[in-house]
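# sequence unknown, structure follows:
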């Protein structure tokens with residue numbers, strides 16, 4: 001596992017806004033979003049998540065390890081299809097950051 005994702009969809013979204021959800025099956029959400037011609041991606045936002053932010057706590061719980069001193073980096077993006085919006089946040093696990101650091105040495 002190299003990262004964890006979290007998707008937020010407003011309650012006002014209808015099935016006609018995002019029909020691809022009902023047909024995902026084993027496909028990843030990212031694959032479905034990138035292959036749907038009516039989906040428009042907004043700009044990527046990159047950040048380091050503050051320790052008090054709730055998503056890193058869920059990441060730590062999912063990993064089942066004590067990572068209390070770990071800073072997590074994340075990116076998020078808002079996607080639009082017709083009037084439907086969804087926001088995808090991806091948290092990069094420390095192993096990914098370590099790979100990047102090793103590649104620059």
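Thanks, I have it. What you see is a predicted model, and the numbers here were worked out from it, not measured in a lab.

# burial measure for the closest residue to residue 16 other than its chain neighbours, as a count.
Using Cβ to Cβ, 6 or more residues apart in numbering and skipping residues adjacent in sequence, the residue nearest residue 16 is residue 82, 7.4 Å away. From N, CA and C alone the C-beta is placed, and that goes for glycine too. The burial count assigned to residue 82 is 13, neighbours taken as other Cβ atoms under 10 Å.

# What's the per-residue pLDDT of residue 82 here?
As summarised for this prediction, residue 82 has a pLDDT of 87.

# Backbone dihedrals for it, both of them.
Backbone dihedrals for residue 82, given as degrees, to the nearest 10, come out at phi 50, psi -120.

# Do I have it right that it meets residue 14?
No - counting by Cβ atoms under 8 Å, residue 82 sits too far from residue 14 to count as a contact (9.1 Å).

# Quick one: residues contacting residue 30.
residue 88 (Cβ atoms under 8 Å, 6 or more residues apart in numbering).

# Confirm that it sits in a helix.
Yes - Residue 30 sits within a helix when classified using DSSP: H, G, I helix; E, B strand; the rest coil.

# Report the separation between it and residue 88.
Note on residue 30: its distance to residue 88, by Cβ to Cβ, to the nearest Å, is 8 Å.

# Out of the helices and strands in the chain, which is least certain?
The helix or strand of the chain with the poorest confidence is helix 94-103; it has a mean of 57 (mean pLDDT, DSSP states H and E).

# list the contacts for the nearest residue to residue 24 once chain neighbours are set aside?
Excluding the flanking residues, the one nearest residue 24 by Cβ to Cβ, 6+ apart is residue 32, at 5.9 Å. Neighbouring residues of residue 32 by Cβ under 8 Å, 6+ apart: 20, 23, 24.

# can you redo the residues you listed as CSV with pLDDT?
Shown next, in CSV, are these (pLDDT from 0 to 100):
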residue, pLDDT
20, 80
23, 77
24, 80
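
# Quick one: buried ones out of those?
Neighbour-count burial (16 or more other Cβ atoms under 10 Å) applied to the contacts of residue 32 gives residue 20.

# can you tell me which of the contacts of residue 32 lies nearest to residue 38?
Nearest to residue 38 out of the contacts of residue 32 is residue 20 (Cβ to Cβ; 9.5 Å).
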